[in-house]
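J.: Build the 3D model from these lines:
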Amino acid sequence: MSELRDEAIKLSLIFLGIGSIFQFILQFIFSISYLPVHVPFQGSLTRVGQIGLYMSYLSLSAFLVLSWDKAKALLPLGILLLISPSFTFINNYFTSPWWISFEVAIAIIGISGIIESLLKSSILSVLNVPTIFMVVLLLFAGLAVDIVHVELFINYLILFEASLAGLLAFTVVWSLRMTSARRALISYVAAVPALFSFLPIYFLVSSNRFMEIIMNMVMPSVFGIVLSSPYSLPLFIVSLAISMYLVATLALSRNPYAALGYFMVVTTTFLGVNGYHLILYLVYPIAGVILINIGAKKGNLRRIMDLIKPRQNNV
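T.: I've put the predicted structure just below:
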């Protein structure tokens, strides 16, 4: 029975990865659809993205329910995600106090799941603390907009850079300690194409002021991030390229949990800063952080919980 559940979890993660990529395509296509530019196969890509949205919802719900042993909060989180579409039967549900309470319940359960997965993970997950801080802070920012209609003034780019630095350290330590030198070298080299996922946009905006102005509207629309300075766009694009490279490196270094988790975080965590228009964007970054912690647990290092217990016994 346990083996069957493990296989179901792996299958749900495969569909979750595919759905996350398709969903991101929809985010990008939808954000540039109003521009006077021709996007090849735009209609087909939009339909693929819509399929990815439903695939992400179903596969993420399945993963959360099946993975209750990794963090007890995952089961109620998965059930809440499954029943969330029922709120659409309530007139003006988005302004309903029930909906606000539902969002708060998901946030509380999600944060408790993050803490539990962190304590159960290895000491390597300490490097994910900047990412955890970013996700939790942005949860409060999104809920503040929905509940009291107040927007927090945060330098989102600094949060992202700190999270990226933590991911870089995590990737380096993982590749050095958990894989052979040959495997690590192959992973770093084979992941280079992912580095060029956003670099063409960087070269476009760095040499064309008009396109920089256009992309200053497009990129925040795609990722939800609000740049405090319009001249920060090139740095943000380079950071995105590096994050995709590190995600690919982790996947090739046999840590698909952390790779998928950070991809989920970076593509959705800023989408809630103006309120959660889609409940999936509330659950996605929470699940992403938990996946990173699960990925860190795969390493043969002592758990944080085991390091804390001896101190408690001594006291």
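J.: host element of R254?
T.: Using DSSP states H and E, R254 is not contained in any helix or strand.
J.: who's in contact with it?
T.: Each residue near R254 by Cβ atoms under 8 Å, 6 or more residues apart in numbering is listed here: M178, T179, R183. (Glycine included, C-beta is placed from N, CA and C.)
J.: And it, how close does it get to D69?
T.: According to Cβ to Cβ, to the nearest Å, R254 and D69 sit 22 Å apart.
J.: Can you give the contact residues for stretch 239-251?
T.: Applying Cβ under 8 Å, 6+ apart, the contact partners of stretch 239-251 are 157, 160-161, 164, 167-168, 170-171, 174-175, 187-188, 190-199, 202, 223, 256, 258-260, 262-263, 266, 295.
J.: Just the buried ones from the residues you listed?
T.: Among the contacts of stretch 239-251, those classed as buried by 16 or more other Cβ atoms under 10 Å are 157, 160-161, 164, 167-168, 170-171, 174-175, 187-188, 191, 194-195, 198-199, 202, 223, 256, 258-260, 262-263, 266, 295.
J.: In strands only, show me those residues.
T.: Among these, no member falls in strands (DSSP state E).
J.: Those residues in helices, which ones?
T.: Taking DSSP state H as the definition of helices, these contribute 157, 160-161, 164, 167-168, 170-171, 174-175, 187-188, 194-195, 199, 202, 223, 256, 258-260, 262-263, 266, 295.
J.: And for P85, the neighbour number?
T.: Applying other Cβ atoms under 10 Å, we find 10 residues neighbouring P85.
J.: tell me the pLDDT at the closest residue to I9 other than its chain neighbours?
T.: Beyond its immediate neighbours in the sequence, the residue positioned closest to I9 (Cβ to Cβ, 6 or more residues apart in numbering) is L66, lying 5.0 Å away. For L66, the pLDDT comes out at 91.
J.: go on, N155?
T.: Predicted confidence (pLDDT) for N155: 86.
J.: what's the distance between it and D69?
T.: Remark: distance between N155 and D69 (Cβ to Cβ) = 38 Å.
J.: same check, this time on I201
T.: Taken as Cβ to Cβ, the span from I201 to D69 is 42 Å.
J.: which residue ranges form the helices in this protein?
T.: Counting by DSSP H, the helices of the chain are 2-32, 42-66, 74-83, 97-120, 129-148, 156-177, 181-190, 192-195, 199-206, 209-223, 233-252, 256-268, 280-297, 304-314.
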